[in-house]
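> how would this look folded up:
(2 chains)
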Amino acid sequence: MTRVGIVGGGLAGFVAYLTLRRGGVEPDEIMVLAPESDPAAAWRRRAAAIRQTHMRSESNGHCLPTSFPGLAVRDARHRRSLVPLVRSVCDRYHPTVDEFLDHVEELRVRSDWSARVRRTRVEQVRVVDDGFELDGHGVFRHVLLATGHPGNAVPEKLRDDPRAVHAYEPHDYAASVCVVGAGLAAATEWVNAITAGSTVISVRRREPVRRPLNVPRPYLSRRGLATFQRLPAERRVALLRELLAPSYPPGREWDEPLARAAAESRFRVEAAVNGADQLICATGFLRGYRHDTLLRRLVDEQELATADRWIVLNPNSTVPALTNESRTLALSGVAGQWAFPAADTLMGARYSAHAFLRRCRTR
Amino acid sequence: MSYTLKGRLQSRLAALAAPLGAAYMISLTTREWWPVGLAAAMVAVVVALDLAYHPLLPYQPGWLALPLGLLELGLVMAVVLGLHVRAPLAVALGLFAAAWVCAQLLGQAVLPWWRLSYAEDGGELGRTGLALVAAVATLFVASAAVWYAQRPPIVHLASGVHRGPLVIDRSQRLVGDSGAVVVGGIVVRHSDVTISHVTVVGGENGIEVDEVDRVVLDHVTVLRPALDGIHVRRAAVRIHACFVDMRGAPFGQGIDISYAMDKGESVVKGCRVVGGQEGIVTHSAMSMLTHNRVESASLRGISMTEMSMGGIERNTVRAAKGVGILCGDHSMCEIQHNNVAGTRADAAGGDRTRAGFGIEVEYSSEAELSGNELGRNPAALGVFINSVIHWKR
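Next up, the predicted model:
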């Protein structure tokens, strides 16, 4: 019997699948419903578009269900060197994108993931007595929705501008480039365009925040989470907005090329988009459940509790109104931020997957 | 890792489980309490530090384990020394190092691999963690109970005269009531014996301790034994605030501790010895002789000889014949802040080493000297036959 349904076959769905397998759930009890069978496809396209070479996350930014052994251990084994482990202990290990993708591929093949994926896009979740019916694919007692980011965010004013391209879409660099945004994608694009010989204009509403990870580390464990999850809705929304503000890591790899380019008058900050040849929107993703067709319909049909742009969740990432003793509906990935602020990271995917496994294993 | 307080403590106890087990195994094997004391010191220090770390370290990077480990080592050693836990240094360091390595392996690898949500739970181990806390607490409570149950019984010696020799062949704490006197000597033939507030008169030796461990003599008085006042062989003892009167016993030593180099350090502190050949003497023993007063010894006041090691500190020696304080025969001595006066030259036999030296270092011995008052002696300092002295500032 297929008890468990995972809607979404991206990295969050993949982490959930691997976690369920590690927790003893049999493969034939799991069905993954996703339009693509490559769990890294969407992520790979975005990373390629911004020419990302290294992961922002550290050694534990991987798809395995446990934080150890991470990519540093794998790298150390391959290179027969302790250097990756030492760097990891010092929080200075950032694996390359290629290493990360190789690892995903290795896990995909080893876990028989492709055999569990049914290629389809789920449009509606219907609540039935014993669980949830997923677009005619059957009834599942436990369902994890990992639908990912609902789409790229492009500022309204630039939507019809023929010069505009989103950072996460394939593009080259014109002689003069205006980059809109202040997060990691924007910083990456500044350096990319400068390296390509362009003159870069940064347009941003605020000065970029510099921090190693997007969400401060205490919020990645129960230490900070317990406080976060106890906050009343209004304060939680405010804190989430603060935590999820764009940022990029401190480091010479950003500062030095920008300083050199500024000295050569090839990098400057301006308040508004001007007459540059190309506009790159490093403005991230559309934010909030309303942009996701499946989630919007679920909220409207089931009258689920929401706060601002988030669906209100239990601390274990389950939807309170639709989860009971016998069935589970949980959210993973960016939609799970109400339970775990860094839900759109690999650690966040693990967090919701662990809680989901506990539900599946005991019911 | 961002530990919760509970997670920090549970992870710590998990890491200490193996070293604690090892300490208890050593304790059972050697039938000694110091491994348990050492383990308790480690647990107490690291748990106290964990309570202090918690508010200071919202996030603890892996590398910080090294400096924190050194801090913890320093504090554990301070507690061990402060509480006089008699743990061999190598074993103490070994246990601590094992605990540290265990903590790193567990915290960085084993626990995150074994427990899916270890990182996001802030190091908490769920029911396993609670069981660990309960197990460690039970272990220490049980140890305390065993220790309490094994304490030697207190035996009161009623006031009045008791015919000796009194042979002690069971572990006990012998406490003399006011005016308790044993005539004919006391012989200690069992370990873990404390004798306090007892007066001994006569006997071949006043108090004899032979090949036993953990013997304490506290506020004992020894009068007119035939040979030695306190005679210790193959044993380490602690003697505190004793009075030994050797007048009328010309061939005995006041306190003689011999052939105990492998038995640990003996301490003689706050005693007064009058008469005898040597007031206090050690042969092949490790000892600390401090704050004693030795008067009118007919051979030497205080001697540390025959490959002995130790300290002779803050003693007062008066009217010794020949030598006040001797460090002799391949011994190594720290002789500091003693007051030696009135030493008399021993002209009989023409031995030049007995010319009334305040301090004498002889026959391939090595002594470190500082702060001694030797003014009122025929000769202040004598160094003979391949011996060396170091002046400590």
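
> Can you work out which other helices and strands pack against the longest helix anywhere in chain A?
Counting by DSSP state H, the longest helix found in chain A is helix A:346-362. Counting contacts by 3 or more CB pairs under 8 Å, 6 or more residues apart in numbering or on different chains; DSSP states H and E, helix A:346-362 is packed against helix A:11-22, strand A:142-145, strand A:328-331. To be clear about C-beta, it is placed using only N, CA and C from the backbone, and glycine gets the same treatment.

> which of these is buried the deepest?
Sort the helices and strands packed on helix A:346-362 by mean neighbour count, taking mean count of other CB atoms under 10 Å in any protein chain shown, and strand A:142-145 sits at the top with a mean of 30.

> And stretch B:245-259, how far out from the chain middle?
23 Å (CA atoms, centre = their mean, to the nearest Å).

> in the chain, which spans are helices?
Just going to use chain A. Counting by DSSP H, the helices of chain A are A:11-22, A:41-49, A:71-79, A:83-89, A:97-111, A:113-116, A:184-195, A:222-230, A:233-243, A:252-263, A:293-302, A:346-362.

> ah, no, chain B please
Going by DSSP H, chain B shows helices at B:5-30, B:34-56, B:65-82, B:89-105, B:111-114, B:126-150.

> mind listing what's buried in the first one?
So the one you mean is helix B:5-30. Buried residues in helix B:5-30, defined by neighbour count with 16 or more other CB atoms under 10 Å in any protein chain shown: B:5-17, B:19-20, B:22-24, B:26-27.

> give me the subset of those residues touching chain A.
With CB under 8 Å from any CB of the partner chain as the criterion, the buried residues of helix B:5-30 include B:G7 near chain A.

> Would you reformat the helices of chain B as CSV and include mean pLDDT?
CSV is the format used below for the helices of chain B (pLDDT from 0 to 100):
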stretch, mean pLDDT
helix B:5-30, 87
helix B:34-56, 90
helix B:65-82, 91
helix B:89-105, 89
helix B:111-114, 90
helix B:126-150, 84
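
> Figure out which of these is closest to B:S296.
helix B:65-82 (37.2 Å; CB to CB).

> Return the angle between stretch directions for the closest one and helix B:89-105.
150 degrees (axes from the mean of the first three to the mean of the last three CA atoms, to 10 degrees).

> could you give the angle of helix B:65-82 to helix B:34-56?
130 degrees.

> what does the stretch 51-200 of chain A have sitting close to chain B?
So far as CB under 8 Å from any CB goes, the stretch 51-200 of chain A lies against chain B at A:60, A:65-69, A:88-91.

> Report the two of these separated the most.
Pairwise over these, using CB to CB, the maximum falls at A:P65 and A:C90, 25.0 Å.

> ok, the two, which is more surrounded?
Ranked by neighbour count (other CB atoms under 10 Å in any protein chain shown), A:P65 and A:C90 place A:P65 first, with 22 against 13.

> Now do stretch B:317-329: distance from first to last residue.
Chord length of stretch B:317-329, first to last residue, is 21 Å (CA to CA, to the nearest Å).

> I'd like the distance from that stretch to the chain centre, please.
Counting by CA atoms, centre = their mean, stretch B:317-329 is centred 25 Å from the centre of its parent chain.

> And stretch B:185-192, by the same measure?
For stretch B:185-192, the distance to the chain centre is 19 Å (CA atoms, centre = their mean).

> and for it, what are the contacting residues?
B:152, B:164-172, B:195, B:198, B:200, B:202-210, B:212-215, B:225 (CB atoms under 8 Å, 6 or more residues apart in numbering or on different chains).

> dump the residue contacts of the most centrally placed residue in chain B.
Taking CA atoms, centre = their mean, the centroid of chain B lies closest to B:E265, which sits 5.1 Å from it. By CB under 8 Å, 6+ apart, the contact list for B:E265 reads B:236, B:286-288, B:310.

> how much space between it and B:T353?
28 Å (CB to CB, to the nearest Å).

> try B:V281
With CB to CB as the criterion, B:V281 and B:T353 are 16 Å apart.

> quick one, which of the two is more surrounded?
Shown here are B:V281 and B:T353; by other CB under 10 Å, B:V281 has more neighbours (28 against 16).

> how about stretch A:135-150: buried residues?
Quick answer for stretch A:135-150 (16+ other CB under 10 Å): A:139-150.

> Now do the residue lying farthest from the centre of chain A, the pLDDT please.
Most distant from the centre of chain A: A:E264, at 35.7 Å, with distances by CA atoms, centre = their mean. We have a pLDDT of 93 for A:E264.

> Now the phi/psi pair for it, please.
Here is the backbone geometry of A:E264 (degrees, to the nearest 10): phi -90, psi 10.

> Now do stretch B:205-217: everything it contacts.
Residues from elsewhere that reach stretch B:205-217 (CB under 8 Å, 6+ apart): B:185-196, B:200, B:220, B:222-223, B:225-240, B:242, B:244, B:252, B:263.

> Repeat that for stretch B:35-55.
Residues outside stretch B:35-55 that contact it (CB under 8 Å, 6+ apart): B:3, B:5, B:8-9, B:12-13, B:16, B:19-20, B:23-24, B:26-27, B:60, B:68, B:71-72, B:75-76, B:79-80, B:83, B:85, B:87, B:91-92, B:95-96, B:99, B:136, B:140, B:143, B:147.

> Dump that stretch to CSV, restricted to CA.
Presented in CSV, the C-alpha positions along stretch B:35-55 are these (Å, rounded to 0.1, in the frame of the first residue of the first chain):
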residue,chain,number,x,y,z
PRO,B,35,39.6,7.1,40.0
VAL,B,36,36.0,7.7,41.2
GLY,B,37,37.2,11.0,42.8
LEU,B,38,38.9,11.9,39.5
ALA,B,39,35.7,11.1,37.5
ALA,B,40,33.6,13.1,39.9
ALA,B,41,35.9,16.1,39.6
MET,B,42,35.7,15.9,35.8
VAL,B,43,31.9,15.7,35.8
ALA,B,44,31.6,18.5,38.3
VAL,B,45,33.9,20.8,36.4
VAL,B,46,32.5,20.2,33.0
VAL,B,47,28.9,20.4,34.1
ALA,B,48,29.6,23.6,35.9
LEU,B,49,31.3,25.0,32.8
ASP,B,50,28.5,23.9,30.6
LEU,B,51,26.1,26.0,32.7
ALA,B,52,28.4,28.9,32.3
TYR,B,53,28.9,28.4,28.5
HIS,B,54,25.2,28.2,27.8
PRO,B,55,24.4,31.9,27.9
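
> got the residues of chain B near chain A?
So far as CB under 8 Å from any CB goes, chain B lies against chain A at B:1-4, B:7, B:58-59, B:61-63, B:108-109, B:112-124.

> thinking again about what came up before, would you format the helices and strands packed on helix A:346-362 as JSON lines with mean pLDDT included?
Listed next are the helices and strands packed on helix A:346-362 as JSON lines, based on pLDDT from 0 to 100:
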{"stretch": "helix A:11-22", "mean pLDDT": "96"}
{"stretch": "strand A:142-145", "mean pLDDT": "96"}
{"stretch": "strand A:328-331", "mean pLDDT": "96"}
